[in-house]
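S.K.: sequence and predicted structure below; questions after.
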Amino acid sequence: MKKNSSLIRRAIVFTAATVSTVVVVALLAYLLAFSHQDGAMSFIWPLLIGLGAGLIAFYPLLTLLIAPVATHIGRLRDVAVAVARGDLDERADERAPGELGELGKALNNLSYQLSRNMYLLIIERNRLKQMLNGLSEGIVAVNAKGRVTHHNPALDRMFAGFAREKNARDERLKIIPDRGIWADFDRVVSDGKVVTRNLELPERVLRVVISPLVDEIGTTAGAVGLFSDITQLERLERTRRDYVANVSHEMRTPLTAMRALIEPLKEGMVTTDEARMRYYDIILREIMRLSRLINDLMELSRLQSGTLAIRTERMKLGELVDDVCERYRSIAEDHDISFHEETDFSKVPAVVANADRVEQLLVILLDNAIKYTPEGGTVSLAATWDEARVTLIVKDTGIGIAQEDLPYVFDRFYKVDKAHSGMGSGLGLSIAKELLKWMGEDIWVKSEVGKGSQFGFTLRRDAAA
């Protein structure tokens, strides 16, 4: 405390006044007793009377010196209590002299700093909350007792629609209806070790990483779980495995056939020229089949990578379709299949497309139609149009496609024959879909088992037509 403190000066004045009062009262009592010479009792009573009179006279001085200090300290106490309750707008009086004024100023500065820090913390909390709520990954945090302290909307969306246990005692099951996940959270809180696992849900696979939250003294204060939807990654990985398996299967078939034919030729087991020519024909056919497979794979790869340039121009479909139909009419006759055009293509409006690619699309669809139509069946080609699009439709009365297989007919290596024993590569429809996607057009299929199929694709109609 400073030497020139107002509180010290008040204490000195109060002490001096008190000592002076006592001395004066004692002296008066002594003089009064001495003048009467009545003994000790005559000294005590005047002394008591004098002290009482002194106290009565001293009370105004006490009120003048001490009461203002007590009142100001009480106000400071009220401000401190209000700040402690969270009322950071409360302010103390800084006008008091000496240390009381400085204490009020310090208390106001403390309240200001607390208010400022609280404001910054609220901003950071809201920013963090917005970041967590904006994540596509699900986040859930628990405290040291395993109670959920936060979870973001992405987590709610991941588990929306899943059945919850009725009358479940564990409230956490209302957020994630899986007891195994919460057992992992409890284990992470108790052991302090990271747990990683996959959670397989209907039509979805989640990657779950649960990490402990450690405080400044190294104690596990809770855990946080990150839920990532890896369904697409799993699907891509499965597609990659299937793709490799299908490519291997399709390539192994012609290679095995060629090996089985070349070995007898090498060993001299084929002795006649007629037999050798038959073997050569089969080998050439298998080589062409392998070459078509490789070309189809390269074509599909270029389409999916976006490196294939397709130029479009105004064109009439009549001549192109007539050439294709003339070619397939003889092929259909060889298979004892009736082939005809349902539409007069000379009357079909002009389109904006690439002639080579349109022919390629028709070849893919007509090949499939004839391949899967038994003898005595029918294959036809038709067209419909509106103000914006012309649709070419290939119809057949073949074996048809099951409803459960329809969503996959445009996948790579899809075949109606699940044993992949057919001569096709299973890439034709995939190429057709990618071609039309690149051209900004669409392809569709309608089919019923035993009644045949319809494949149609659109072409943009020329605005000037």
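M.R.: Noted; the coordinates are in hand. Values in this document were obtained by computation on a predicted structure and should not be read as measured data.

S.K.: and the pLDDT for the spatially most central residue of the chain?
M.R.: Centrality entry for the chain: nearest residue to the mean C-alpha point is S136, 1.9 Å, by CA atoms, centre = their mean. For S136, the pLDDT comes out at 78.

S.K.: ok, the one 10 residues further on next?
M.R.: Among the per-residue scores, G146 shows a pLDDT of 86.

S.K.: and it, how far is that from L76?
M.R.: If you measure G146 against L76 using CB to CB, to the nearest Å, the figure is 44 Å. For glycine as for every other residue, the C-beta is placed from the backbone atoms N, C-alpha and C.

S.K.: circling back to that earlier point, list the contacts for the residue nearest to the centre of the chain?
M.R.: With contact taken as CB atoms under 8 Å, 6 or more residues apart in numbering, S136 is in contact with A154, D229.

S.K.: shouldn't it be within a strand?
M.R.: No - counting by DSSP: H, G, I helix; E, B strand; the rest coil, S136 is located in no strand; its state is coil.

S.K.: any figure for the gap between it and N152?
M.R.: Separation of S136 from N152 (CB to CB) stands at 10 Å.

S.K.: where do the helices of the chain begin and end?
M.R.: In the chain, the helices defined using DSSP state H lie at 6-36, 40-85, 98-134, 153-158, 179-191, 231-267, 273-305, 318-334, 355-371, 428-438.

S.K.: next, the buried residues of the third one.
M.R.: Residues G98, E99, L100, G101, L103, G104, L107, N108, S111, L132 are the ones in helix 98-134 that count as buried (16 or more other CB atoms under 10 Å).

S.K.: who are the packing partners of it?
M.R.: Applying 3 or more CB pairs under 8 Å, 6 or more residues apart in numbering; DSSP states H and E, one finds that helix 98-134 contacts helix 6-36, helix 40-85.

S.K.: give me that answer again for 6 Å
M.R.: Contact here means 3 or more CB pairs under 6 Å, 6 or more residues apart in numbering; DSSP states H and E; on that basis helix 98-134 packs against helix 40-85.

S.K.: shaky segments in the stretch 151-300 of the chain?
M.R.: Along the stretch 151-300 of the chain, the model assigns pLDDT under 70 to residues 163-168, 239, 242-243, 245-247, 249-250, 292, 296-297, 299-300.

S.K.: so what pLDDT did D336 get?
M.R.: The score at D336 is 90. That number is its pLDDT.

S.K.: ok so, going back, could the buried residues of helix 98-134 go into CSV alongside distance to V352 and pLDDT?
M.R.: Formatted as CSV, the buried residues of helix 98-134 follow (distance: CB to CB, whole Å; pLDDT from 0 to 100):
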residue, distance to V352, pLDDT
G98, 93, 68
E99, 91, 71
L100, 90, 69
G101, 88, 74
L103, 86, 77
G104, 84, 77
L107, 81, 78
N108, 78, 80
S111, 74, 80
L132, 49, 71
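
S.K.: which of those residues lies closest to N354?
M.R.: L132 (49.4 Å; CB to CB).

S.K.: so what's the closest residue to that closest one other than its chain neighbours up against?
M.R.: Distance criterion CB to CB, 6 or more residues apart in numbering; nearest residue to L132, sequence neighbours excluded, is N152 at 4.7 Å. Taking CB atoms under 6 Å, 6 or more residues apart in numbering as the definition of contact, the neighbours of N152 are L132, N133, I139.

S.K.: check S42 and give its pLDDT.
M.R.: What the model reports for S42 is a pLDDT of 52.

S.K.: what does the one 3 residues further on give?
M.R.: pLDDT, W45: 58.

S.K.: re the thing from before, put together a markdown table for the buried residues of helix 98-134, with distance to E200 on each row.
M.R.: Output for those, formatted as a markdown table (distance: CB to CB, whole Å):
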| residue | distance to E200 |
| --- | --- |
| G98 | 74 |
| E99 | 70 |
| L100 | 70 |
| G101 | 70 |
| L103 | 65 |
| G104 | 65 |
| L107 | 60 |
| N108 | 60 |
| S111 | 55 |
| L132 | 25 |
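
S.K.: and which of those is nearest to R314?
M.R.: Using CB to CB, L132 comes nearest to R314 of the buried residues of helix 98-134, at 54.6 Å.

S.K.: thought that closest one was touching V140?
M.R.: No - here L132 lies out of contact with V140, judged by CB atoms under 6 Å, at a distance of 10.1 Å.

S.K.: that older thread, distance of the residue nearest to the centre of the chain relative to A154?
M.R.: S136 sits 6 Å away from A154, taking CB to CB as the criterion.

S.K.: now the common contact residues for these two.
M.R.: By the contact definition CB under 6 Å, 6+ apart, S136 and A154 are jointly contacted by no residue.

S.K.: got the CA coordinates for stretch 390-400 in PDB?
M.R.: Backbone C-alpha positions of stretch 390-400 (Å, rounded to 0.1, in the frame of the first residue of the first chain) are rendered in PDB as follows:
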ATOM      1  CA  VAL A 390     -35.500 -37.800 -83.200                       C
ATOM      2  CA  THR A 391     -35.500 -41.300 -81.500                       C
ATOM      3  CA  LEU A 392     -34.300 -44.400 -83.300                       C
ATOM      4  CA  ILE A 393     -35.700 -47.600 -81.900                       C
ATOM      5  CA  VAL A 394     -34.500 -51.200 -82.500                       C
ATOM      6  CA  LYS A 395     -37.100 -53.800 -81.600                       C
ATOM      7  CA  ASP A 396     -36.800 -57.600 -81.400                       C
ATOM      8  CA  THR A 397     -38.800 -60.600 -80.300                       C
ATOM      9  CA  GLY A 398     -35.900 -62.200 -78.600                       C
ATOM     10  CA  ILE A 399     -35.300 -63.800 -75.200                       C
ATOM     11  CA  GLY A 400     -35.700 -60.400 -73.400                       C
END
